[in-house]
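Chemist: coordinates only, sequence not included:
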């Protein structure tokens, strides 16, 4: 994404170091099991897909990583109309009231290469943590319904009726402008939590 000053870069480096201390081995394992595969990339994110799984990450912030090693991962390419419909369907699962049930665990949309530093170009929503009686949730930036994000990642945990998403639990990632089309990556999960790198079914290890 570039353009970070020394203080911002130092903070990002500390975040990456702390994240890899916790999850680096699992991420490396997923990448090794998926292998080289087919690589897709746009201005902000990259994805690798193979018969052994799939993963994606932000180029300049690899702590934003989602992947699954083993069977179950799928991908498809879509045009503008289907991409907009999918992105809107995901965003519509963000409830206006924190107390309202939702299958959405969290959603991140990045609209430009500087989006992580500019709240006008990013939207992040996270449901309240389990057991949080206050109902607090985290929201950064604003949803832009008429703009297709360069990257979108949503974690789902429950019934949602989103067209084109057949699983109930797992991760949906979207990369715009990979060639002439857009990439939709589906990472279903059968473990206890869509956040748990080690809780997959069989060899499935999504994050």
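Modeler: Structure received. Everything quoted here is computed from the prediction, not taken from an experiment.
Chemist: switch to C-alpha atoms for all contacts and neighbour counts from now on
Modeler: OK.
Chemist: Who does the closest residue to residue 189 other than its chain neighbours form a beta bridge with?
Modeler: Nearest residue to residue 189, sequence neighbours excluded (CA to CA, 6 or more residues apart in numbering): residue 170, at 4.6 Å. Per DSSP bridges, the residues bridged to residue 170 are residue 156, residue 188.
Chemist: Look up how far residue 73 lies from residue 170.
Modeler: Here residue 170 is placed at a distance of 10 Å from residue 73 (CA to CA, to the nearest Å).
Chemist: Common neighbours of the two, please.
Modeler: 186, 187, 188 (CA atoms under 8 Å, 6 or more residues apart in numbering).
Chemist: PyMOL command for the buried members of these?
Modeler: Filtering the shared contacts of residue 170 and residue 73 down to the buried ones (16 or more other CA atoms under 10 Å) takes a single PyMOL command:
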select buried, resi 186+187+188
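Chemist: got any ranges where this protein has weak pLDDT?
Modeler: 1-24, 97-101, 115-119, 129-137, 190-207 (pLDDT under 70).
Chemist: Give the full set of residues in contact with residue 54.
Modeler: 34, 47, 48, 67, 68, 69, 73, 74, 187.
Chemist: 7 Å instead, please
Modeler: For residue 54, the contacting residues are 34, 48, 67, 68, 69, 73, by CA atoms under 7 Å, 6 or more residues apart in numbering.
Chemist: can you count the residues close to residue 94?
Modeler: When neighbours are defined as other CA atoms under 10 Å, residue 94 has 20 of them.
Chemist: contacting residues for it?
Modeler: The neighbours of residue 94, taking CA under 7 Å, 6+ apart as the test, are residue 104.
Chemist: Which secondary structure state does it sit in?
Modeler: coil (DSSP: H, G, I helix; E, B strand; the rest coil).
Chemist: quick one: residue 72 is in a helix?
Modeler: No. Residue 72 sits outside any helix when classified using three-state DSSP, being coil.
Chemist: for it, phi and psi?
Modeler: Here is the backbone geometry of residue 72 (degrees, to the nearest 10): phi 120, psi -30.
Chemist: Next: the one 5 residues further on.
Modeler: Residue 77 has phi and psi values of phi -110, psi 140 when expressed as degrees, to the nearest 10.
Chemist: what's across from it in the sheet?
Modeler: residue 183.
Chemist: and what of residue 126?
Modeler: Beta-bridge partners, per DSSP bridges, of residue 126: residue 106, residue 138.
Chemist: what's near enough to touch it?
Modeler: Residue 126 touches 105, 106, 107, 137, 138, 139, counting by CA under 7 Å, 6+ apart.
Chemist: Return the members of the residues you listed classed as buried.
Modeler: 105, 106, 107.
Chemist: Let me know how buried the residue nearest to residue 189 is, in neighbour terms.
Modeler: 27.
Chemist: So it sits against residue 187, correct?
Modeler: Yes. Residue 170 lies in contact with residue 187 (CA atoms under 7 Å); the separation is 5.6 Å.
Chemist: one step back: and the residue nearest to residue 189, what is it in contact with?
Modeler: Residue 170 neighbours (CA under 7 Å, 6+ apart): 155, 156, 157, 187, 188, 189, 194.
Chemist: what two of those are the furthest from one another?
Modeler: Taking CA to CA, the two most distant members of the contacts of residue 170 are 157 and 187; they sit 12.1 Å apart.
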